[in-house]
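K.L.:
From the sequence below, what's the structure:
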Amino acid sequence: MTIPAPSRMTSVLVVFAVVAALPSIADAADDACRIAVQTAFDKQRQSKGYRFAASMPGPQGATKMTIDYLPPDRMYQKVEAPGHPAPVETIAIQRWAWGTMGGGWEELQPQFAQSIISHVRETLVSPPPITAAFACLGKVKLGDKDYLAYRADQPSQAAADLKAPQLARTVYVDEATGLPAANIVAENDGKGAPVFDGRYSYPTDIVIEAPVGGHDIPPKN
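P.N.:
You can find the predicted model right below:
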């Protein structure tokens, strides 16, 4: 993401792209895998807060994104992109949103704020159902730990036309907590580095407040 105009900020907010279901009929086992992924993300929304840190490689280097969520309606996002000396930061609380590129926080215009607030609501309150056809991979090692892994192929006609590798999304779930641990998109043949590497964590000290001079917003309960 080269980000910087507020009109392009919303493009960096997509952290879990729901892919269309494949035209083939999924069997009961496939449906159970999809439900397992849905259950993990439903449980995540019941947590006190969580962090999503992602890295996306590009020709000039990796773009890094960190998003903190505090249910039911607070989000802080920071995007660090190659070639930009300062990160792009965004705060959303209730129906307001602010942004900065290092020169001081400014309230975003309603049309931009609404897109960001809608993202927060869809992530924390009213998410669309997951319809992708996930397959259960069983226990898979990621780093030094085993996770329950679920994979959804993401077929692309554009990739097929270019004879390029197709992609697949793998969601890793911590078996002990039942919470998502990683969301990784890579070539479906297992070759090459991920094109999107997102990791979830669950810090207990996340605080998201309005910037100085912002609206007098009631504190989070």
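K.L.:
Could you count how many residues lie near residue 70?
P.N.:
Residues within reach of residue 70, counting by other CB atoms under 10 Å, total 19. The way it works is simple: take the backbone N, C-alpha and C, and place the C-beta from them, glycine included.
K.L.:
Show the pLDDT at the spatially closest residue to it that is not a sequence neighbour.
P.N.:
Once flanking residues are discounted, residue 70 sits nearest to residue 49: 4.5 Å by CB to CB, 6 or more residues apart in numbering. pLDDT recorded at residue 49 is 96.
K.L.:
what's next to stretch 58-68, contact-wise?
P.N.:
Where contact means CB atoms under 8 Å, 6 or more residues apart in numbering, the residues beyond stretch 58-68 that reach it are 1, 12-13, 15, 49-56, 75-83, 206, 208.
K.L.:
scratch that, stretch 165-175
P.N.:
Counting by CB under 8 Å, 6+ apart, residues outside stretch 165-175 touching it are 17, 19, 36-37, 40, 132, 134, 137, 139-140, 142, 146-156, 159-160, 179-189, 191-192, 195.
K.L.:
What strand or helix carries residue 64?
P.N.:
strand 63-70 (DSSP states H and E).
K.L.:
how distant is the helix or strand following that strand from the center of its chain?
P.N.:
Downstream of strand 63-70, the first helix or strand assigned by DSSP H and E is strand 74-80. Distance, stretch centre to chain centre, for strand 74-80: 11 Å (CA atoms, centre = their mean, to the nearest Å).
K.L.:
which other helices and strands contact strand 74-80?
P.N.:
strand 63-70, strand 88-93, helix 110-124 (3 or more CB pairs under 8 Å, 6 or more residues apart in numbering; DSSP states H and E).
K.L.:
before we move on, back to that, which among the contacts of stretch 165-175 end up buried?
P.N.:
19, 36-37, 40, 132, 134, 147-154, 179-188 (16 or more other CB atoms under 10 Å).
K.L.:
So which of these are in helices?
P.N.:
Here DSSP state H is the test, and those give 36, 37, 40 as lying in helices.
K.L.:
Is there a neighbour count for residue 33? I'd like the number.
P.N.:
Neighbourhood size, residue 33 [other CB under 10 Å]: 23.
K.L.:
Pull whichever strand or helix holds it out as PDB, backbone CA atoms only.
P.N.:
Assigning secondary structure by DSSP H and E places residue 33 in helix 28-45. C-alpha atoms of helix 28-45 as PDB (Å, rounded to 0.1, in the frame of the first residue of the first chain):
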ATOM      1  CA  ALA A  28     -19.700 -31.900   5.000                       C
ATOM      2  CA  ALA A  29     -16.000 -32.000   5.900                       C
ATOM      3  CA  ASP A  30     -15.300 -28.800   4.000                       C
ATOM      4  CA  ASP A  31     -18.300 -27.000   5.600                       C
ATOM      5  CA  ALA A  32     -17.000 -28.100   9.100                       C
ATOM      6  CA  CYS A  33     -13.600 -26.500   8.200                       C
ATOM      7  CA  ARG A  34     -15.300 -23.200   7.200                       C
ATOM      8  CA  ILE A  35     -17.300 -23.200  10.400                       C
ATOM      9  CA  ALA A  36     -14.200 -23.800  12.400                       C
ATOM     10  CA  VAL A  37     -12.600 -20.700  10.900                       C
ATOM     11  CA  GLN A  38     -15.800 -18.700  11.400                       C
ATOM     12  CA  THR A  39     -15.900 -19.800  15.100                       C
ATOM     13  CA  ALA A  40     -12.300 -18.700  15.700                       C
ATOM     14  CA  PHE A  41     -13.000 -15.200  14.300                       C
ATOM     15  CA  ASP A  42     -16.300 -15.000  16.200                       C
ATOM     16  CA  LYS A  43     -14.400 -15.800  19.400                       C
ATOM     17  CA  GLN A  44     -11.800 -13.100  18.500                       C
ATOM     18  CA  ARG A  45     -14.500 -10.500  18.400                       C
END
